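**Q** after the sequence you'll find the predicted model.
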Amino acid sequence: MIELRRVLAVILLFIGVGAGLHLLLDTVRDAGQGAADKALTLGTGTALAVLGAIGGFLIARVPKERIRNVADHLDSLVRRGTVGMAVSDADALGRLGHAINRYLRFVKDEVEQSHIAVKERQIQVKVLEAEKRHVEAVIHAISDGVLVMDAFGDLVLTNEAAEAIFGFEFEPGRRKPVEETVTDERFLALLREMQDQGSLVPHHTAEWVQGEGDRARTYRVILNTVFEGARRERVTGVVAVLHDVTREKEIARTKTDFASSVSHELKAPLSSIRAYAEMLADGEASGPEESREFLNVILAETQRLSRLIEKILNLSRLESGLIPAKKTDLAVTELLGDVSEVVSPQADEKRIRLEADLAPVFFRVHGDRDMLYQAILNVVSNAIKYTPEQGRVAISTYLADGSVVVEVADTGVGIPPEDLDRVFEKFYRSSRAAQGAGGTGLGLPLVKHVVETIHGGRVLVESQVDQGSVFRLYLPVVR
C-alpha cells in the first residue's frame, strides 16, 4: 500500500507543475496581454512549478501524522475545483497561494524542529557515552573483582582484578557467554541462581573458595540484579563483586588459635597452684617440711605464670606498636658480646662450649638496641636450652647480600622437617623440643616480629634431627 505522504507529494507536485505550465501556456497564447502582465504571469507560473516540486520532495520526508491537516485542506480545494480554475479566478489563486505558503512554513518549522531534535539526541548520546566512560573508569579503579552479565548470560563488562582472578582477558565491545570466560562451576552456579531468583532476592552475599589446599583463596561475592524500569518488572543483568577475604580468614583463625593456646598455657600452672593450695587448706601436709615443699611449688608455678603473662603482653605490645622503636646506628659485634656474657652462666651449668666468632670489623645496623638484644638473646638461650650437656653453641657474624648476618649454630636435638615451617607460630612447640625442655612457644615469634616487621630483615632456620640447628638473622647494614 502506497503511503499517504507519497501520494500527497505526487499530488502537490502535479498541482504545482500543472498550474505553472497552465499559466505559461496561457501567456504564450494571449497576444493581447501587456508586457508587465506577461512578466507577472510567467513569474507566477515558474514559482508555482518550483514550489510544487520542492513541496513534493519535502513532504515525502515529513511524518504522515503531521501533514494530515494540510493534506485535507488541499484535498478540499481540489474537490471544489478551486485549483482547476486558478488561472482564471484571482481569489482562488490567492487561497491556493496562501495554503501553499502555510504549508511551506509548516515544512520549514518541521525541518527546524527535526534539526533541533537531532542535536538534542546527539547531546544525549554524548552524555550517555561520557557517563559510560565514567562508570568504566570507576569499575577499573576498584581493587575488587567486578563482573557484569546481561539478561542473555553474556559478559558485558569487567575489570583487571576480575581478569586476574579468573585468568582471562576481556575484549571490550565483544560479548561472550560468561561460560566461555569463567570455568569455575561453583561460581557460575551463583550467577545462574541470582539470574533466576533476582526478582525475588535482588541482593545476595555468598562465600566462594577458589582452588584447594594451601593455594585456596576465599572470596566474599556480593551479587546484585539490574532491573528494567522503575517497577522492576524484568531482570536485565547481574553484577558480581568479589572481595578477597583470605587474609581476614587467616587472621580470624590465628586469633582463635591464639586464644586457645593462651588458655591451654595458663591452665597448667593454675591447675598446679590450685591443687597444692587445696592440699594445704585440707591439712594434707604431714609436717612443716612438706608444707614448705608445697609452698615452693606454688611459688614456682606463680613465677612461671607471671613470666608467661609478661611474654604475652610484650609480644602484644610489639605487634600493636605500643612500644615505639627507638632506632640508632649500633654495632652488632658489641651487641653479641653483651649477649655472650649474659648466657655464659647458663652454658657453664650444662658444660656447653660457647664459641663467639665475632668479626673484627664492627658492622653497624640501624635499629632498636633493646629489641635486637632481646631477639638475639632468645635465639642463643634456646640453643643452649635444647643442646645436651657437653654440646656446643657457636655465635658468629658476617656480611652477606648487603646484610649483617647473625648466625647461631648448636648441636642440639634438632627440629623435625614437618615442624620447620611452624616454629615461628605463637605457642607452637616441636614435639622434640617439648620433651627436651619447658617453654612457652613465644620466643621465636617475638624474634621474627622484631627482625622482619620492625627492622625489615629476615629470619631463616636449618635443622637436622639429633644433629642441631642453625638460625640466621639478616639485618640491613648501614654503609
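**A** Arrived safely.

**Q** ranges for the strands of the stretch 301-450 of the chain?
**A** 327-331, 353-357, 364-368, 392-400, 403-410 (DSSP state E, counting those that start in this stretch).

**Q** pLDDT averaged over the first one - what is it?
**A** Strand 327-331 comes out with an average pLDDT of 89.

**Q** repeat for the fourth one
**A** In this model, strand 392-400 carries a mean pLDDT of 91.

**Q** give me whichever of the strands of the stretch 301-450 of the chain is most buried.
**A** Mean neighbours per residue, mean count of other Cβ atoms under 10 Å, is largest over the strands of the stretch 301-450 of the chain for strand 403-410, with a mean of 22. For glycine as for every other residue, the C-beta is placed from the backbone atoms N, C-alpha and C.

**Q** just checking: what are the partner strands of that strand?
**A** strand 392-400 (antiparallel), strand 468-476 (antiparallel) (DSSP bridges).

**Q** I'd say D329 and V477 touch.
**A** No - at 10.5 Å, D329 does not count as touching V477 under the criterion of Cβ atoms under 8 Å.

**Q** list residues touching both of the two?
**A** 364-365 (Cβ atoms under 8 Å, 6 or more residues apart in numbering).

**Q** tell me how many other residues crowd G456.
**A** 13 (other Cβ atoms under 10 Å).

**Q** the residue lying closest to it once chain neighbours are set aside pairs with what?
**A** Nearest residue to G456 in three dimensions, chain neighbours excluded: P476, at 6.0 Å (Cβ to Cβ, 6 or more residues apart in numbering). According to DSSP bridges, the partner residues bridging P476 are S403.

**Q** next one, pLDDT for P476 please.
**A** 91.

**Q** returning to what we had before: could you export the strands paired with strand 403-410 as a markdown table, including distance to Q113?
**A** Output for the strands paired with strand 403-410, formatted as a markdown table (distance: least, Cβ to Cβ, whole Å):
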| stretch | distance to Q113 |
| --- | --- |
| strand 392-400 | 83 |
| strand 468-476 | 75 |
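
**Q** identify whichever of those strands lies nearest to R351.
**A** strand 392-400 (10.6 Å; Cβ to Cβ).

**Q** list the contacts of that closest one.
**A** By Cβ under 8 Å, 6+ apart, strand 392-400 touches 332-333, 336, 339-340, 347, 352-359, 363, 380, 383-384, 387, 404-411, 474, 477.

**Q** V111 is nearest to which of the strands paired with strand 403-410?
**A** Of all those, strand 468-476 sits nearest to V111, with 77.9 Å by Cβ to Cβ.

**Q** other residues contacting whatever helix or strand A189 lives in?
**A** Here A189 sits within helix 185-197, counting by DSSP states H and E. Contact with helix 185-197 is made by 147, 149, 151, 153, 178-179, 182, 201, 204, 206, 208-210, 221, 223, 225, 235, 238, 240, as judged by Cβ under 8 Å, 6+ apart.

**Q** out of these, which are inside strands?
**A** 147, 149, 204, 206, 208-210, 221, 223, 225, 235, 238, 240 (DSSP state E).

**Q** low-confidence regions, the stretch 301-450 of the chain specifically.
**A** 315, 317-323, 360-361, 427, 429-440 (pLDDT under 70).

**Q** in the sheet, who's paired with S463?
**A** Under the criterion used (DSSP bridges), S463 bridges to S469.

**Q** again with R220
**A** Residues in beta-bridge contact with R220 (DSSP bridges): E207, H243.

**Q** in contact with it, which residues?
**A** So R220 contacts 205-207, 242-243, 245 (Cβ under 8 Å, 6+ apart).

**Q** and if we set it to 7 Å?
**A** Neighbour list for R220: 205, 207, 243, 245 [criterion: Cβ atoms under 7 Å, 6 or more residues apart in numbering].

**Q** what of G153?
**A** 177-178.

**Q** against L147, how distant is it?
**A** According to Cβ to Cβ, to the nearest Å, G153 and L147 sit 12 Å apart.

**Q** from L475, how far out is the residue nearest to V343 when sequence neighbours are not counted?
**A** Nearest residue to V343, sequence neighbours excluded (Cβ to Cβ, 6+ apart): V380, at 5.3 Å. Plainly put, V380 is 16 Å away from L475 if you go by Cβ to Cβ.

**Q** ok, A383 - contacts?
**A** Here A383 is in contact with 393, 408, 410, 412 (criterion: Cβ under 7 Å, 6+ apart).

**Q** point out where the stretch 51-200 of the chain drops to low pLDDT.
**A** Ranges of the stretch 51-200 of the chain meeting pLDDT under 70: 51-97, 99-100, 103-104, 107, 132, 136, 173, 198-199.
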